[in-house]
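>>> just to be clear, the model below is a prediction. Sequence and coordinates:
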Amino acid sequence: MKIIKTIKEMKTVLASHREQMKIIGFVPTMGYLHQGHLSLIGRARQSSDIVVISIFVNPTQFGPQEDLARYPRDLKRDEELAEQEGADYIFYPDVSEMYPEGYKTYVLVEELSKKMCGASRPEHFRGVTTIVLKLLNIIQPHCAYFGQKDAQQAIIIRRMVEDLNLDVKIEVEPIVREADGLAMSSRNSYLKAKERKAALVLYHALTLAQKLIKQGERNSSVIISQMEKFIRQEPLARIDYISIVDNRNLQELALINKEALIALAVYIGKTRLIDNITIQG
Ligand code: PAF
């Protein structure tokens, strides 16, 4: 496995693989890899000749008060994990390589980027789509792999790929959870022992919603208020949002009568965590 830091070298290396008709799979990450990332790399390994992952903590997707400076980083460990999982290249550019002086261009998927996580993180998805488009242009993969934990991100990226006629397949892989149900996230590393326990409210609120739906409840506001009531019992938790939306276009659903995404963001202490489930209508 090779680490590549410049766009020029990354493009040159991949151009020669492409000439040899190799299938290129790509997993974009911000590093501090966990089992969720490794499942994406494993999936890419199954379907590609060449597997590229990127590790880039993208400043444009963090708000001014967010955790850019303290975002966890450990390249040595990431290298070992990515290699074990069968990655061929890590694209590991500096910020100045991706956003050189004078950089001015951003990509925004309208409407979808302002809802849910976008309501409390107004610039976040603009930063995500900008960096993902840049990475897709550099790597030019046949397929790129994303995790369902960032469900809104995946929907926005699919929209961008379709709207901008990009020649890449987007695959979204299921959420990987800890044994007790907590969705894997690099940000789980911020949680102190008490917070780690409290963080289970996200998963338990989602399983409560699932149970209510199984019992026949279809009214979204009833389900959301039950979830809110449940989460409020946890003193370390503060709800950012709970949404029940159409799983293709993020339109709010008053009634669950088609494939729905139930998504939430909750602060546990200072750490903002997200999770979701999908429900067949
Ligand atoms: O999901 C992430 O880790 C990031 O948002 C991504 C897609 C790597 C873009 O920075």
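Cool, got the structure. For clarity, every value in this text was computed on a predicted model and none was experimentally measured.
>>> quick one: the strands in the stretch 51-200 of the chain?
Secondary structure of the stretch 51-200 of the chain by DSSP state E, counting those that start in this stretch: the strands cover 89-91, 143-147, 169-173.
>>> got JSON lines for those, with mean pLDDT too?
Converted to JSON lines, the strands of the stretch 51-200 of the chain look like this (pLDDT from 0 to 100):
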{"stretch": "strand 89-91", "mean pLDDT": "99"}
{"stretch": "strand 143-147", "mean pLDDT": "98"}
{"stretch": "strand 169-173", "mean pLDDT": "98"}
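>>> what's the closest of these to the ligand?
Closest of the strands of the stretch 51-200 of the chain to the ligand is strand 143-147, at 6.5 Å (criterion: Cβ to the nearest ligand atom). For every residue, glycine as well, the C-beta is placed using N, CA and C.
>>> who does that closest one pair up with?
strand 24-29 (parallel), strand 169-173 (parallel) (DSSP bridges).
>>> ok, the last one near the ligand or not?
Think strand 169-173. No: figure legend: strand 169-173 not in contact with the ligand (Cβ under 6 Å from any ligand atom); closest approach 11.1 Å.
>>> circling back to that earlier point, next, format the strands of the stretch 51-200 of the chain as a markdown table and append distance to L133 and mean neighbour count.
Output for those, formatted as a markdown table (distance: least, Cβ to Cβ, whole Å; neighbours: other Cβ atoms under 10 Å):
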| stretch | distance to L133 | mean neighbour count |
| --- | --- | --- |
| strand 89-91 | 15 | 23 |
| strand 143-147 | 11 | 22 |
| strand 169-173 | 12 | 16 |
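>>> out of the ones you listed, flag the one nearest L255.
For L255, the closest of those is strand 169-173, at 25.1 Å, according to Cβ to Cβ.
>>> give me the contact list for that closest one.
Identification of contacts with strand 169-173 by Cβ atoms under 8 Å, 6 or more residues apart in numbering yields 39-40, 43, 142-148, 154, 157-158, 161.
>>> same list, the residues you listed, but as CSV with distance to the ligand please.
Below are the contacts of strand 169-173 laid out as CSV (distance: Cβ to the nearest ligand atom, whole Å):
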residue, distance to the ligand
S39, 14
L40, 10
R43, 15
H142, 18
C143, 15
A144, 9
Y145, 10
F146, 6
G147, 7
Q148, 11
A154, 9
I157, 8
R158, 13
V161, 13
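>>> S54: which of those is nearest?
Lowest distance from S54 to those (Cβ to Cβ) belongs to A144, with 10.0 Å.
>>> and V52, bridged to which residues?
Assigned bridge partners for V52, using DSSP bridges, are F26, Y89.
>>> ignore the last one, Y145
With DSSP bridges as the criterion, Y145 is bridged to E171.
>>> could I get the strands paired with strand 143-147 as a markdown table with distance to V128?
Formatted as a markdown table, the strands paired with strand 143-147 follow (distance: least, Cβ to Cβ, whole Å):
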| stretch | distance to V128 |
| --- | --- |
| strand 24-29 | 9 |
| strand 169-173 | 13 |
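>>> enumerate the residues of this structure near the ligand.
Within the chain, the residues that sit near the ligand (Cβ under 6 Å from any ligand atom) are 28-30, 58, 61, 128, 131-132, 150, 153.
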